[in-house]
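J.: Fold the following and give me the result.
(one chain, ligands or ions: 1)
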Amino acid sequence: MGMLRWLRWGVACVACIAFLVGCASTESKTPVERHGALRVEGTFLLNEQGKKIQLRGISSHGLQWYGRYANKAVLQWLRDDWHIDVWRAALYLTEGGYIQNRALKQRVIDSIEAARDLGLYVVVDWHVLREGTPQAYKKDALEFFTEIAATYGHLPNLIYEICNEPNGKDVTWSGVIKPYAEEVIARIRQYDPDNLIIVGTPTWSQDVDVAAEDPITGWSNIMYTLHFYAGSHGKELRDKAERALAKGLPIFVTEWGTTLASGHEGPFIKESEEWLSFLKRHSISWINWSLNNKGEDSGLLVYNADREGKGTWKEEDLSPSGKFIRKILRKRP
Ligand code: DCB
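T.: Below you'll find the predicted structure:
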């Protein structure tokens, strides 16, 4: 009898140790080691094992201004201390962006290669903003995405975002954005058959319900983006998102802020928490805007903190928004 009891204890202990070791090793795996290649099914993002996932992460500010943070030390800090899954490299076109300064492509490449080495997902964001229409620089977009897809399309961690925030009353979904997207998607798919491609929607990526009336067909692993700023957008925009989801549109929030749509004021904590619980409930991935130290409220660092882009920030380097977002990210969903 005594022997059997010892045996049972022994088995229980071994099982317990195996469980703890298992937990520790999933924790020490990188996001890409855990999830592998991604795919879209219905409205959900699935990992390589077919499990529903929600990626969460941080966006750069415009790479022409804050490209200094697009490096391996910063991304490693964001991975290890903030627990991000995904980094977004925001390549503006104008306001000193890529159309005026081709050298900025290197900041995107630095982001992709650092993310690859660190096992993070990376969103390559063609940051259509002041131009309004993505058609303005379509030729540049086709060239740019051809090169990125041909060079890095084999990696499992690459995500394309082909037009950040189309805007303007003539910039309609069916007449302007969708035809642009179809052309860019067809081009990317010549080199990369399966990585995620995210498409912007009208009105600064708020009209996902309109895209849901006339979605892109014929390609897999396409998602649509919804952007919100918690101080400016609330239930009305969540209702639009729910209408789009009900029609089967897969959504990825590639940019949201805790502030007003201007990037200032706040952080609006209660409103942000309402949004975060909505995103969690629907398993919608999100990326917060943005990593900069210019002193704006949506910036994650306080004015002038980490001027060289080294990472290893102390609590006092973080803005109120930065502290809030870090705390949310460190809590596993
Ligand atoms: C988006 C843009 C993003 C912009 C943020 C905050 O624009 F995708 O680039 O970031 O939201 O406004 C801001 C930076 C500033 C910078 C400025 C100009 O935080 O530091 O000076 O870009 O490059 C939105 C989003 C929503 C709406 C309007 C804009 N909206 N917008 O709902 O009206 O016009 O920029």
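
J.: Pull out the buried residues from the helix or strand containing Lys323.
T.: Using DSSP states H and E, Lys323 maps to helix 320-330. Of all the residues in helix 320-330, those buried under the rule 16 or more other Cβ atoms under 10 Å are 321-322, 324-326, 328-329. Where C-beta positions appear, they are placed from N, C-alpha and C, glycine not excepted.

J.: which secondary structure elements does it contact?
T.: Secondary-structure packing of helix 320-330 (3 or more Cβ pairs under 8 Å, 6 or more residues apart in numbering; DSSP states H and E): strand 56-62, helix 269-281.

J.: Buried deepest among those, which one?
T.: strand 56-62 (a mean of 24; mean count of other Cβ atoms under 10 Å).

J.: can you list the residues of this structure near the ligand?
T.: Within the chain, the residues that sit near the ligand (Cβ under 6 Å from any ligand atom) are 62, 95, 129, 164-165, 204, 255, 257, 261-263, 289, 296, 298.

J.: What's the end-to-end length of stretch 95-111?
T.: Stretch 95-111 has an end-to-end distance of 21 Å (Cα to Cα, to the nearest Å).

J.: now do stretch 212-225
T.: 11 Å.

J.: low pLDDT regions in the stretch 151-300 of the chain?
T.: Low-confidence segments of the stretch 151-300 of the chain, defined by pLDDT under 70, are absent.

J.: Leaving aside the residues adjacent along the chain, what's closest to the residue of the stretch 101-250 of the chain at minimum distance from the ligand?
T.: Nearest residue of the stretch 101-250 of the chain to the ligand: Trp204, at 3.9 Å (Cβ to the nearest ligand atom). Closest residue to Trp204 apart from its sequence neighbours, by Cβ to Cβ, 6 or more residues apart in numbering: Glu165 at 4.2 Å.

J.: for Lys29, same thing?
T.: Gly119 (7.7 Å).

J.: Over to Ser285?
T.: Among residues not flanking Ser285 along the chain, Leu55 sits closest, at 4.0 Å (Cβ to Cβ, 6+ apart).

J.: Surely the one you found and Trp87 touch.
T.: No. Leu55 lies out of contact with Trp87 (Cβ atoms under 8 Å); the separation is 10.5 Å.

J.: Overlap of the contact sets of those two?
T.: Common contacts of Leu55 and Trp87 (Cβ atoms under 8 Å, 6 or more residues apart in numbering): Tyr121.

J.: With neighbour numbers in mind, choose between those two.
T.: Trp87 (27 against 23; other Cβ atoms under 10 Å).

J.: any idea how far the ligand is from the more buried one?
T.: Distance of Trp87 to the ligand, given as Cβ to the nearest ligand atom, to the nearest Å: 16 Å.

J.: Near the residue nearest to Lys29, how many other residues are there?
T.: 17.

J.: Likewise for Thr94?
T.: Look at Thr94: counted by other Cβ under 10 Å, it has 16 neighbours.

J.: That one contacts Arg130, correct?
T.: Yes. Applying Cβ under 8 Å, one finds Thr94 in contact with Arg130, separated by 5.1 Å.

J.: where does the stretch 1-150 of the chain dip in pLDDT?
T.: Counting by pLDDT under 70, the stretch 1-150 of the chain contains low-confidence ranges at 1-4, 6-7, 10-27.

J.: rerun at 90
T.: Scanning the stretch 1-150 of the chain for pLDDT under 90 picks out the ranges 1-28.

J.: what about the helices in this structure?
T.: Ranges of helices in the chain, per DSSP state H, are 2-28, 31-35, 63-66, 72-80, 105-118, 138-152, 178-191, 202-205, 208-213, 235-246, 269-281, 320-330.

J.: Buried ones in the second one, by neighbour count?
T.: Under the neighbour-count criterion of 16+ other Cβ under 10 Å, helix 31-35 has 31-32, 34-35 buried.

J.: And the fourth one, by the same measure?
T.: Of all the residues in helix 72-80, those buried under the rule 16+ other Cβ under 10 Å are 74-79.

J.: Just want the residue of this protein that's nearest the ligand.
T.: Gly263 (3.1 Å).

J.: Grab the nearest non-local neighbour of that residue.
T.: Ser298 (4.3 Å).

J.: ok, now how distant is that neighbour from Arg68?
T.: According to Cβ to Cβ, to the nearest Å, Ser298 and Arg68 sit 18 Å apart.

J.: Just want to know which of the two has more residues nearby.
T.: Each of Ser298 and Arg68 has its neighbours counted (other Cβ under 10 Å); Ser298 has more, 29 against 18.

J.: Surely the more buried one and Ala261 touch.
T.: No. Ser298 is beyond contact range of Ala261, at 9.8 Å (criterion: Cβ under 8 Å).

J.: Next, show the common contact partners of those two.
T.: With Cβ under 8 Å, 6+ apart, Ser298 and Ala261 have common neighbours Tyr229.
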